[in-house]
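Participant: after the sequence you'll find the predicted model.
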Amino acid sequence: MKPEVGVLGVVAAVAVILSVASMSARTSVAQSGSVLNGAGFVDACALLNDTEVASTLKLEVNPADRRDDGKLDGKEGYEGSYSSTCVWRVQVDKDKDSVDLPMAGMRFAILNAITWPKDSGKAANFLQSFHDAAEHGIIPGKPIPLKGIGDDALWWGDGVASRVGDVSFGVSVFLQNGDKVTQRAMEEALARKIAGRL
């Protein structure tokens, strides 16, 4: 994957995080016994269950809300891949309506998983794209490598990105209070659970 394509991938990932307010409700299939959907691609909502997310955030959350982009064959550098996204919103924030904050100001956790073509190496390229994005000033700081999460992992300032084999994922927590230290601890805890299921 060309560096500029990887950088665009990071921008796309951030755009997914900031556009989840329009997602429609769907039932979580977490703990169904398989993290794969019927087509053999990873289902993001099957990687965590509602109770685990609530316990990590220390807040009650609405049931998992799934919206897959599906096959990304029309997107350069992503041919043959499948994108699945899941979001958990904090229950008591349902009436928030800020136009200046992601998800109208609701606190939430979001997980995006991409299943790449077998043995393509593109999951590793996806993580490299965060380093490329930092070099181009697209994300504010240099990603911090993390150990013990999947085959490779990093914290990029607004979430953890990791890979396990041919699957990459990003998980972010938004508390809407600017507390990156607490959010990072939550993101790393969730990422460890996710990686263990891949």
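Facilitator: Cool, the structure landed.
Participant: quick one: the longest helix along the chain to chain centroid distance?
Facilitator: If you go by DSSP state H, the chain has its longest helix at helix 180-197. Distance, stretch centre to chain centre, for helix 180-197: 11 Å (Cα atoms, centre = their mean, to the nearest Å).
Participant: average pLDDT across it?
Facilitator: In this model, helix 180-197 has an average pLDDT of 96.
Participant: with stretch 51-65 instead?
Facilitator: The model assigns stretch 51-65 a mean pLDDT of 96.
Participant: tell me the buried residues in that stretch?
Facilitator: By neighbour count with 16 or more other Cβ atoms under 10 Å, stretch 51-65 contains the buried residues 52, 53, 54, 56, 57, 59, 61, 62, 63, 64, 65. The way it works is simple: take the backbone N, C-alpha and C, and place the C-beta from them, glycine included.
Participant: show me which pair in those is furthest apart.
Facilitator: Spanning the widest gap among the buried residues of stretch 51-65 are 56 and 65, at 16.8 Å by Cβ to Cβ.
Participant: could you list the low-pLDDT ranges of the protein?
Facilitator: 1-34, 36-39 (pLDDT under 70).
Participant: helices of the protein, start to end?
Facilitator: Under DSSP H, the chain gives helices at 3-18, 50-57, 122-135, 180-197.
Participant: please work out which of those helices is packed deepest.
Facilitator: Across those, averaging neighbours per residue (mean count of other Cβ atoms under 10 Å) puts helix 122-135 on top, at a mean of 21.
Participant: I'd like the distance from that helix to the chain centre, please.
Facilitator: Taking mean C-alpha positions (Cα atoms, centre = their mean), helix 122-135 and its chain are 14 Å apart.
Participant: packing partners of that helix?
Facilitator: Contact partners of helix 122-135 among helices and strands, from 3 or more Cβ pairs under 8 Å, 6 or more residues apart in numbering; DSSP states H and E: helix 3-18, strand 152-155, strand 160-164, strand 167-174.
Participant: summarise which helices and strands the third one is packed against.
Facilitator: Which is strand 160-164. In terms of contacts (3+ Cβ pairs under 8 Å, 6+ apart), strand 160-164 is packed against helix 122-135, strand 152-155, strand 167-174, helix 180-197.
Participant: what pairs with that strand, parallel or antiparallel?
Facilitator: Partners of strand 160-164 in the sheet, by DSSP bridges, are strand 152-155 (antiparallel), strand 167-174 (antiparallel).
Participant: report the angle between the axes of it and helix 122-135?
Facilitator: 160 degrees (axes from the mean of the first three to the mean of the last three Cα atoms, to 10 degrees).
Participant: between strand 160-164 and helix 180-197, how big is the angle?
Facilitator: When the same axes, to 10 degrees is applied, the directions of strand 160-164 and helix 180-197 differ by 10 degrees.
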